[in-house]
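In: I would like to see how this sequence folds:
(2 chains)
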Number of protein chains: 2
Amino acid sequence: MTTTLQDCRALDAQDPLAPLRSHFALPPGVIYLDGNSLGVAPKAAAARVADVVTREWGTDLIKSWNTASWFDLPQRLGNQLAPLIGAGKDEVVCTDSTSINLYKVLSAALNIAREDSPARKRIVSERSNFPTDLYIAEGLCKERGLELVLVEPEEITAALTSDVAVLMLTHVNYRTGAMHDMAAITAAAHAQGILCVWDLAHSAGAVPVDLNGAGADFSIGCGYKYLNGGPGAPAFVWVHPRHASRFWQPLSGWWGHAAPFAFTPDYQPAPGITRYLCGTQPIISLSALQCGLDVFTAAQSLGGMAALRTKSLALTDLFIQLVEERCTGHGLGLATPRDHAQRGSQVCLTRDEGAGVNGQGSGAYAIVQALIARGVIGDFRKGDGGTGRHKDILRFGFTPLYLGFEDVWNAVEHLRQVLESGEWRKPEFNQTHAVT
Amino acid sequence: MTTTLQDCRALDAQDPLAPLRSHFALPPGVIYLDGNSLGVAPKAAAARVADVVTREWGTDLIKSWNTASWFDLPQRLGNQLAPLIGAGKDEVVCTDSTSINLYKVLSAALNIAREDSPARKRIVSERSNFPTDLYIAEGLCKERGLELVLVEPEEITAALTSDVAVLMLTHVNYRTGAMHDMAAITAAAHAQGILCVWDLAHSAGAVPVDLNGAGADFSIGCGYKYLNGGPGAPAFVWVHPRHASRFWQPLSGWWGHAAPFAFTPDYQPAPGITRYLCGTQPIISLSALQCGLDVFTAAQSLGGMAALRTKSLALTDLFIQLVEERCTGHGLGLATPRDHAQRGSQVCLTRDEGAGVNGQGSGAYAIVQALIARGVIGDFRKGDGGTGRHKDILRFGFTPLYLGFEDVWNAVEHLRQVLESGEWRKPEFNQTHAVT
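Out: I've put the predicted structure just below:
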């Protein structure tokens, strides 16, 4: 029996997480399926940021380093985030960007791995990892005379050889939404003496993560996607306590010093995760991130990440089902795994090459543009044009904090209309430009 | 003839820059002499940040990367800042923290210097440079097997030997306000084949700087001091065009890629200064920095940095003169050079060891606390307790954008009363805690 709009409304009426939607400033007329790229603004953010600008900065000025606890904001937010990713107290700091935090942990991981086994000269990663991760690893390899080895997901285990120092993976793939088994892969790497760095950019706040449970070594992640911290919000970094005090990371700035206000000329790293801080942090942006984390704190009493995961899977299952029921015959496929254990909180549809206007390209970009014009915000990721394994992708993120089942119905209904009407063929939807 | 309060008021009445004060949200009852640490909020910042949060993020969401030009904000702000530091168009980006930008340019400078002359194994800097600069250099030296040589200011020229790769200096000293002759020192370094990295943390927006005129090689600086960009505002980085495209810097993230949205697995650096970007930037904090830069743009029609410099020197001259006329007999000295060519935009007073309560310490910390209690905000920097050349310091920054001559009179009058009444001896002013 097919699912109806009434069924979706009934699911919303029973949804215990429905009240969380009221925490967000959702723009009217929009179904926002891009929280995997930039999360929606929490309603509290406007007032919080205004208070930071007008009172903490404007009135209290320099005193706020102490009175508003600006100085330990990275640690406080890290502690607030920790339960979402299976980290302990004082194991996480919110700071800098994901790319910069990756440089810190990858440097530290290489130092540790190579001190223990100098013959290990490789970093292994996935060819379709988010590019900035690969760029940072490439830079470090170039600097240190190491080798970056890129493999497909099914080749990872075989690539874990005795010359590998570090395995660097993104937990949930940004293009496909496919999720790795963190515990199993970490165990396989450790069995070969290899350290694991996990990028949680598409996991933190999206799926339950248990870094300590998986015995992971290092982790980083993004503040502005599922954590709803605002555009370019500071990122986070976690290091397992067994490694945290073992080496400095190379970005050894004063915020990571054991006594930053002693102003000594030599660097003495703070114990633990604090040494992964570097310079002064953008307090206004950090404060907005706190509003994003506050919603997860509020979600605790409604079941926390476990309840969010249940709803996320129900939303993505429903989207897949409705697309397959209602949008057939238009060259769409599914890039995201059906298996719950392998799925993040997004669904990525493929579209066949040659299905575009006049048989050119896939038309996926135009379909996404036509949906955006209707207020259904997803995004497009380009494939390899039929030369390899990656088709063009229509990417849709499902944030259970603010999306409901009727939203899913309506999104698919818009997609159906865009496809059946041929609306996506209009020239204005086929002019490509920079996409984010 | 001594200067009077009436003289100061007359100076304010004639001050062509006086209208700029109206751009700032100065808290009532405060004389703010700490703009060298955290600049005052521009009035425009509250509305600008509110617009970014509620409209750009809240309503337009992901579209704002294009429609609000978030993506090229680092370059746009860099171009707005460039005239203040003698940089050309497309030579500056605003991004990351000062410490992280220093890591980028120092890495690039070492790569260039050592490719040309592999025997150069030293970085020379000043022992009293801002500590985070020394920590970053120490980390790079440790990583690459190089040596960091720290000297006193008068020893710099003699230290420029043929084994030196890079001279790394802060233009205006954070403790004393002493300013180096950038052109002369750069020329002396270049004569020995040494590259120069200049930290403008206490210079940008405080004194006229001419990086291209001085032939400098690399420069970085701070957004939250004299540029009034907000707490922890993103910093900036400049690279001379002759170097900018020669090497990657090691923080090779996607924002520095030639085609960030091509999502290619290999790193191709963008031409020029854009390759000094790394990860996604904190847009809300960057937007506040723009408000700080806008005031300098407004100052252009009133004479720009040259007029600001004239007023800054008049303010600091007046402060020195009034302290020496009205606060004698209390163990105060002058750490900042009297010579205009050697002075930044701050005045640092020393206080003799043994002049504190019961002959303990200098009492400088307590005097600063007593002044803060009266609304005169300066700060304290600890000396070496009589073991070396650095006395305790009372540090006062003078920002000509929002300070007047009567402010200087009143600040000195408060200092006089604090000293003469013995008010600073009160126990509550003598309890030390973290100072920023």
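
In: chain B contacts on the stretch 101-250 of chain A?
Out: Within reach of chain B by C-beta under 8 Å from any C-beta of the partner chain, the stretch 101-250 of chain A has these residues: A:103, A:127, A:129, A:131-132, A:134-136, A:138-140, A:142-143, A:150, A:224, A:230-235, A:248, A:250. Any C-beta I mention is one placed from the backbone N, CA and C, and that applies to glycine too.

In: drop anything exposed from those.
Out: Taking 16 or more other C-beta atoms under 10 Å in any protein chain shown as the criterion, what is buried in these is A:103, A:129, A:131-132, A:134-136, A:138-140, A:143, A:150, A:224, A:230-235, A:248, A:250.

In: quick one: which of the residues you listed sit in helices?
Out: A:103, A:131, A:132, A:134, A:135, A:136, A:138, A:139, A:140, A:143 (DSSP state H).

In: nearest residue to the last one in space, please, no chain neighbours.
Out: Nearest-residue entry for residue A:143: residue B:250, 5.7 Å, with adjacent residues in sequence omitted and distances by C-beta to C-beta, 6 or more residues apart in numbering or on different chains.

In: tell me the phi and psi of that neighbour?
Out: phi -70, psi -20 (degrees, to the nearest 10).

In: pLDDT score for it?
Out: Looking at residue B:250, its pLDDT stands at 94.

In: list the contacts for it?
Out: A:103, A:139, A:140, A:143, B:103, B:104, B:107 (C-beta atoms under 8 Å, 6 or more residues apart in numbering or on different chains).

In: now it: how far from residue B:166?
Out: 15 Å (C-beta to C-beta, to the nearest Å).

In: now the strand or helix carrying residue A:313: buried residues?
Out: Here residue A:313 sits within helix A:304-326, counting by DSSP states H and E. Within helix A:304-326, the residues that qualify as buried are A:305, A:307-309, A:311-316, A:318-320, A:322-323, A:326, counting by 16+ other C-beta under 10 Å.

In: do a quick rundown of the strands in the stretch 251-400 of chain A.
Out: Applying DSSP state E, counting those that start in this stretch to the stretch 251-400 of chain A gives strands spanning A:332-334, A:346-351, A:376-377, A:379-381, A:392-397.

In: can you redo these as a markdown table with mean pLDDT and distance to residue B:65?
Out: Formatted as a markdown table, the strands of the stretch 251-400 of chain A follow (pLDDT from 0 to 100; distance: least, C-beta to C-beta, whole Å):
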| stretch | mean pLDDT | distance to residue B:65 |
| --- | --- | --- |
| strand A:332-334 | 97 | 26 |
| strand A:346-351 | 97 | 18 |
| strand A:376-377 | 98 | 12 |
| strand A:379-381 | 94 | 11 |
| strand A:392-397 | 97 | 15 |
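
In: can I get the ones you listed in JSON lines including mean neighbour count and distance to residue A:268?
Out: Listed next are the strands of the stretch 251-400 of chain A as JSON lines, based on neighbours: other C-beta atoms under 10 Å in any protein chain shown; distance: least, C-beta to C-beta, whole Å:
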{"stretch": "strand A:332-334", "mean neighbour count": "16", "distance to residue A:268": "53"}
{"stretch": "strand A:346-351", "mean neighbour count": "26", "distance to residue A:268": "43"}
{"stretch": "strand A:376-377", "mean neighbour count": "23", "distance to residue A:268": "48"}
{"stretch": "strand A:379-381", "mean neighbour count": "21", "distance to residue A:268": "45"}
{"stretch": "strand A:392-397", "mean neighbour count": "26", "distance to residue A:268": "43"}
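
In: who wins for proximity to residue B:355 among those?
Out: strand A:392-397 (63.4 Å; C-beta to C-beta).

In: how deep is residue A:423 tucked in, by neighbour count?
Out: Applying other C-beta atoms under 10 Å in any protein chain shown, we find 17 residues neighbouring residue A:423.

In: state the distance from the nearest residue to it once chain neighbours are set aside to chain B.
Out: Closest residue to residue A:423 apart from its sequence neighbours, by C-beta to C-beta, 6+ apart: residue A:370 at 5.2 Å. Distance of residue A:370 to chain B, computed by C-beta to the nearest C-beta, to the nearest Å: 15 Å.

In: same deal with residue A:335?
Out: 15 Å.

In: low-scoring stretches of the stretch 301-436 of chain A, by residue?
Out: Applying pLDDT under 70 to the stretch 301-436 of chain A picks out residues A:432-436.

In: try it again at 90.
Out: Applying pLDDT under 90 to the stretch 301-436 of chain A flags residues A:384-389, A:431-436.

In: could you pull out the strands for the stretch 1-150 of chain A?
Out: A:31-32, A:92-95, A:122-126, A:147-151.

In: tell me the contacts of the closest residue in space to residue A:394 that isn't next to it in sequence?
Out: Once flanking residues are discounted, residue A:394 sits nearest to residue A:349: 4.4 Å by C-beta to C-beta, 6+ apart. By C-beta under 8 Å, 6+ apart, residue A:349 lies in contact with A:323, A:332, A:333, A:334, A:335, A:364, A:393, A:394, A:396.

In: cool, residue A:332 as well?
Out: A:323, A:349, A:350, A:351, A:394.

In: what about residue A:431, how many neighbours?
Out: 10.

In: that older thread, could you single out the most deeply buried of the strands of the stretch 1-150 of chain A?
Out: Highest mean neighbour count of these: strand A:92-95, a mean of 30 (counted as mean count of other C-beta atoms under 10 Å in any protein chain shown).

In: neighbouring strands - and their directions - for it?
Out: Using DSSP bridges, the strands paired with strand A:92-95 are strand A:235-239 (antiparallel).

In: who does the closest residue to residue A:276 other than its chain neighbours form a beta bridge with?
Out: Nearest residue to residue A:276, sequence neighbours excluded (C-beta to C-beta, 6+ apart): residue A:237, at 4.9 Å. Counting by DSSP bridges, residue A:237 forms beta bridges with residue A:93, residue A:220.

In: give me the distance between residue A:237 and residue A:189.
Out: For residue A:237, the distance to residue A:189 - C-beta to C-beta - is 19 Å.

In: identify the residues contacting the residue in the stretch 151-300 of chain A that chain B sits nearest to.
Out: Residue of the stretch 151-300 of chain A nearest chain B, by C-beta to the nearest C-beta: residue A:279 (2.8 Å). Shown in contact with residue A:279 (C-beta under 8 Å, 6+ apart): A:253, A:254, A:255, B:96, B:97, B:98, B:99, B:100, B:132, B:235.

In: out of the buried residues of helix A:304-326, which is nearest to residue A:358?
Out: Looking across these and measuring by C-beta to C-beta, the closest to residue A:358 is residue A:323, at 24.9 Å.

In: ok, and the closest non-adjacent residue to that closest one?
Out: Nearest non-adjacent residue to residue A:323 (C-beta to C-beta, 6+ apart): residue A:412, at 5.7 Å.
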